[in-house]
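Q: here is a sequence with its predicted model. Questions after.
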Amino acid sequence: MSWWHSAVIYQVYVRSFADGNGDGVGDLAGVRDRLGHLVDLGVDALWITPFYTSPMADGGYDVADYRAVDPLFGDLAEAEALIADAHRLGLRVIVDIVPNHTSAQHPWFVEALSAGPGSRARERYIFRDGVGDRPPNDWESVFGGPAWTRVPDGQWYLHLFDPAQPDLNWRNPEVHAEFADVLRFWLDRGVDGVRIDVAHGMVKADGLPDAGRTGQSALLGSAELPYFDQDGVHEIYREWRKILDSYPGERIGLAEAWAPSAGRLALYLRPDELHQAFNFHYVKAEWSAAQFRTVIEESLDAVARVGAPCTWVLSNHDIVRHVTRYGGGETGLRRARAAALLTLALPGSVYVYQGEELGLPEVTDLPDEVLADPQWRRSGYTERGRDGCRVPIPWSGGEPPFGFGASSWLPQPADWARLTVAAQRPDPESTLSLYRAALRLRRELPAAPLRWAETGPDVLAFHRGTGFTCTVNFGSAPVTMPRPGRLLLTSTARSEFGGTGRTVTLPPDSAAWWTEPAPSPS
Ligand code: NOJ
C-alpha cells in the first residue's frame, strides 16, 4: 500500500505554529525547531501552508513570487533546510500551490494593468468589459461583495476571493507552462507532494454565465456554480499527474476541492489525476450518528468507484475548530475527542490541523482591531472571518504567548495555560496523550475495509478486519450494547465505561477502540 493511502498528515499554518525569530509571526525556523513535536505525536507528514513572497492580503494565499520565500517566513535556504530536517526525521513534506489566482502584486498582474485591454498580459487573467456601469456578470467573491473590480481604463478583472487575488486564465497555455515549472521547482527541492489551493476553481464555465442567485458563498461545496467544479479542471490534473509521476518516490497531489457531492469530489481522484482530496462533506456533518454514518458511507462508496482512498479532515485554517462546532466547552471537547478516535479509525488518510491535538477551541472573542482576515473587511464587518482558528499554538508556560515566540500576532486566551504542549505532555488523560496513543495504535490497525455493526440510533460501531472495532456514542445518554472485545483506547476516562462481562455501557459523547472479536453467545 502506498504511504498516502493511510498517512496521518499534520497541517502547519506557518504564521501561527512557532515563531523562530521573535517578531510575533510564525516562520520556517519555528517549524524546524518544533519538528520534534510532530515526531513525538507520530504523524507521517506535514503540509505547510504558503510561505512564498506575498503582500499577505490573505495570509499568504496571495502569491507574488512562487519560487521565493517571503522574508516574514525565512528564505529559500531555510525552506530547503526544513525539507531536509523533516526527511531526516522520517517526515514527508507537502507544500501548498496557489494556482487559481496570483497576488495583485505579481509581476504578471502589474504588467496586465499597464499593458491595457487586448494585450497578451491581460490574457493571463480574466479581464472583461462591463455591462454599462455594471460588472460583466453576477458572480460574488467568496469573501463577500462582487467578484469583479474595475480598473482605470474601464475593464473589469475577476477575483473569486479578495481584489488583491486576481484569477488566472487557465485557458491560456502560458499559465499551464508557468505552473508546470513551479511544480517542478518544488519537486526538485524534494517535496513529497503539493496541496492545490482552490483546485475546483481554475476553469470557469464557457462565456462566464450568470450564477443567477445571490448568497453564492454560502453554497460552496453544496450547489453547482459556473465558476466551481467545472469539468475542464480535470485536464489540468491529468497534466500535473504526469509531472508528479515523472519524479522518483511517490509524490502526491492533494486537492482542496469543494464539490457539490461525494461523487463529484471522487472525480478528482481518478487514477490519472490526483491522489487525495479533502473530504469537506465530513466537516459539514453535525454531531449525530445518522449524519456521520451517511457521510462516511457516501464518501467510501464514491472513492471506491474510482479506486482511491478517502481523505478525512475535521478542521483546518478556514473552518471553525471542531471543539466549538460540536458545541464548545467541556461537551465540545468531549465530542471532539470522540470524533478524533472515530476519524482515526476510518480507512484512508487523515489530516490533523495544528492545535487539534491539544483540543484547542475557536477563539470567538478576538478584539475587532486585531482581525486580519479579508473576510472581515469584505463582508462590511459582518463576518468576523477565520482568525479564531488561526490563533498561535500554546507551547509552554503560564501566560501568553506560551512559548510561541516573544509575542504573538493574534492574542491567545489566558486559560490556554492548561492546554499547552508542555502541560499536556505528562498528563495521560490529556488530548495530546489521546492523539499520541491513537496515532501509535493506528499503525497496527488491520488494513481492512469498514464493516458496520448494527446498533441503536445514537451509536455507530464498525469493524476493521476481525480483530478491531470502533464504537461511538453520539447521544447524551449512556447506551448499553454487547461488549465488542477488550478496550484498547477510549476518548474519555475508562472508568466511565460500565457494564457486565458480556455488555458494555458506552458513556455519552464518547468513542472507544476495541480489540479481539466479541465473545460468542453461549
Ligand atoms: C483556500 C485557502 O485554504 C484559504 O485560506 C484561502 O483564503 C483561499 N483558498 C483563497 O486562496
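A: That came through, no problem. For clarity, every value in this text was computed on a predicted model and none was experimentally measured. Numbers count the residues shown, from 1 in each chain.
Q: pull the contacting residues for the residue nearest to D162 when sequence neighbours are not counted.
A: Leaving aside its sequence neighbours, D162 sits nearest to P374 (Cβ to Cβ, 6 or more residues apart in numbering; 4.5 Å). In short, each C-beta sits where N, CA and C put it, glycine included. The neighbours of P374, taking Cβ atoms under 8 Å, 6 or more residues apart in numbering as the test, are A57, D58, F143, F161, D162, A164, G385.
Q: same thing but 6 Å
A: Residues in contact with P374, defined by Cβ atoms under 6 Å, 6 or more residues apart in numbering, are D58, F143, D162.
Q: quick one: which of the residues you listed is most hemmed in?
A: D162 (25 neighbours; other Cβ atoms under 10 Å).
Q: pLDDT at the most centrally placed residue in the chain, what is it?
A: Nearest to the centroid of the C-alpha atoms of the chain, with distances taken as Cα atoms, centre = their mean, sits N316, at 4.2 Å. pLDDT for N316: 98.
Q: likewise L38?
A: pLDDT at L38 comes out at 98.
Q: just Q155 next, same as before
A: 98.
Q: mind listing the residues bridging to the closest residue to it other than its chain neighbours?
A: What sits nearest to Q155 in space, not counting adjacent residues and going by Cβ to Cβ, 6+ apart, is F127, at 4.9 Å. Under the criterion DSSP bridges, F127 forms beta bridges with Y157.
Q: and F127, how far from the ligand?
A: 20 Å (Cβ to the nearest ligand atom, to the nearest Å).
Q: go on, S261?
A: 20 Å.
Q: helices of the stretch 151-300 of the chain, residue ranges please.
A: 173-188, 233-245, 262-266, 280-284, 289-306 (DSSP state H, counting those that start in this stretch).
Q: could you redo those as CSV and give each row distance to A512, mean neighbour count and mean pLDDT?
A: Output for those, formatted as CSV (distance: least, Cβ to Cβ, whole Å; neighbours: other Cβ atoms under 10 Å; pLDDT from 0 to 100):
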stretch, distance to A512, mean neighbour count, mean pLDDT
helix 173-188, 41, 16, 98
helix 233-245, 39, 17, 98
helix 262-266, 27, 21, 97
helix 280-284, 20, 19, 97
helix 289-306, 15, 17, 98
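Q: which of those helices sits closest to R390?
A: helix 280-284 (16.5 Å; Cβ to Cβ).
Q: local confidence estimate at the closest residue to I48 other than its chain neighbours?
A: Nearest residue to I48, sequence neighbours excluded (Cβ to Cβ, 6+ apart): V12, at 4.9 Å. Note for V12: predicted pLDDT of 99.
Q: how many residues are close by whichever residue of the stretch 201-350 of the chain sits closest to the ligand?
A: Here the stretch 201-350 of the chain gets closest to the ligand at one residue, D318, 4.7 Å apart by Cβ to the nearest ligand atom. Neighbour count for D318, taken as other Cβ under 10 Å: 19.
Q: I figured it hits R386, correct?
A: Yes - the criterion here is Cβ atoms under 6 Å, and D318 meets it with R386 at 5.4 Å.
Q: three-state assignment of W312?
A: strand (DSSP: H, G, I helix; E, B strand; the rest coil).
Q: next, give phi and psi for whichever residue of the stretch 51-200 of the chain sits closest to the ligand.
A: As assessed by Cβ to the nearest ligand atom, the ligand sits closest to Y61 within the stretch 51-200 of the chain, at 3.4 Å. When quoted as degrees, to the nearest 10, the phi and psi of Y61 stand at phi -80, psi 20.
Q: and it, what does it touch?
A: P50, V98.
Q: again with the one 4 residues further on
A: Residues touching D65, when contacts are defined by Cβ under 6 Å, 6+ apart, comprise T53.
Q: and it, what are its bridge partners?
A: Where D65 sits in a bridge, its partners, by DSSP bridges, are T53.
Q: convert stretch 329-349 to PDB, retaining C-alpha atoms only.
A: Below are the C-alpha coordinates for stretch 329-349, written out as PDB (Å, rounded to 0.1, in the frame of the first residue of the first chain):
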ATOM      1  CA  GLY A 329     -16.800  24.000  26.300                       C
ATOM      2  CA  GLU A 330     -16.400  20.600  28.000                       C
ATOM      3  CA  THR A 331     -19.100  19.000  25.800                       C
ATOM      4  CA  GLY A 332     -17.400  20.200  22.600                       C
ATOM      5  CA  LEU A 333     -14.100  18.900  23.800                       C
ATOM      6  CA  ARG A 334     -15.500  15.600  24.700                       C
ATOM      7  CA  ARG A 335     -17.100  15.200  21.300                       C
ATOM      8  CA  ALA A 336     -14.000  16.400  19.500                       C
ATOM      9  CA  ARG A 337     -12.000  13.700  21.300                       C
ATOM     10  CA  ALA A 338     -14.600  11.100  20.300                       C
ATOM     11  CA  ALA A 339     -14.500  12.500  16.700                       C
ATOM     12  CA  ALA A 340     -10.800  12.100  16.700                       C
ATOM     13  CA  LEU A 341     -11.000   8.400  17.600                       C
ATOM     14  CA  LEU A 342     -13.700   7.800  15.000                       C
ATOM     15  CA  THR A 343     -11.800   9.600  12.300                       C
ATOM     16  CA  LEU A 344      -8.500   7.900  13.000                       C
ATOM     17  CA  ALA A 345     -10.200   4.500  12.900                       C
ATOM     18  CA  LEU A 346     -11.600   5.000   9.400                       C
ATOM     19  CA  PRO A 347      -9.900   3.500   6.400                       C
ATOM     20  CA  GLY A 348      -7.900   6.200   4.500                       C
ATOM     21  CA  SER A 349      -5.700   9.100   5.200                       C
END
